[in-house]
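1. below is the structure, and that's it, no one-letter string:
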């Protein structure tokens with residue numbers, strides 16, 4: 001799917017991510033970033049529509 005990072009894009013991003021986990025064990029960074037990019041492509045309704053008076 002297009003929202004997923006390519007291997008080339010991941011090779012650029014991966015070195016700037018923190019290497020050591022602090023606190024809660026880390027999950028797969030690539031999967032998390034793919035999710036963030038997917039949500040940013042399909043945003044939820046604007047707050048004005050969500051909180052409109054009924």
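-> Cool, got the structure. Just so it is clear, the structure is predicted and the values come from calculations on it, not from any experiment.

2. pLDDT of the lengthiest helix in the chain, averaged?
-> With secondary structure taken from DSSP state H, the chain has its longest helix at helix 29-41. Helix 29-41 shows a mean pLDDT of 84.

3. in it, what's buried?
-> Neighbour-count burial for helix 29-41, counted by 16 or more other CB atoms under 10 Å, picks out 30, 33-34. C-betas here are computed from N, CA, C, even on glycine.

4. over to stretch 15-30?
-> Applying 16+ other CB under 10 Å to stretch 15-30 flags residue 30 as buried.

5. quote the end-to-end distance of it.
-> In stretch 15-30, first residue to last residue: 12 Å (CA to CA, to the nearest Å).

6. got it, and stretch 4-21?
-> Terminal residues of stretch 4-21 lie 23 Å apart, using CA to CA.

7. just stretch 10-18 next, same as before
-> In stretch 10-18, first residue to last residue: 14 Å (CA to CA).

8. now swap in stretch 24-34 and tell me
-> Its first and final residues considered, stretch 24-34 spans 20 Å by CA to CA.
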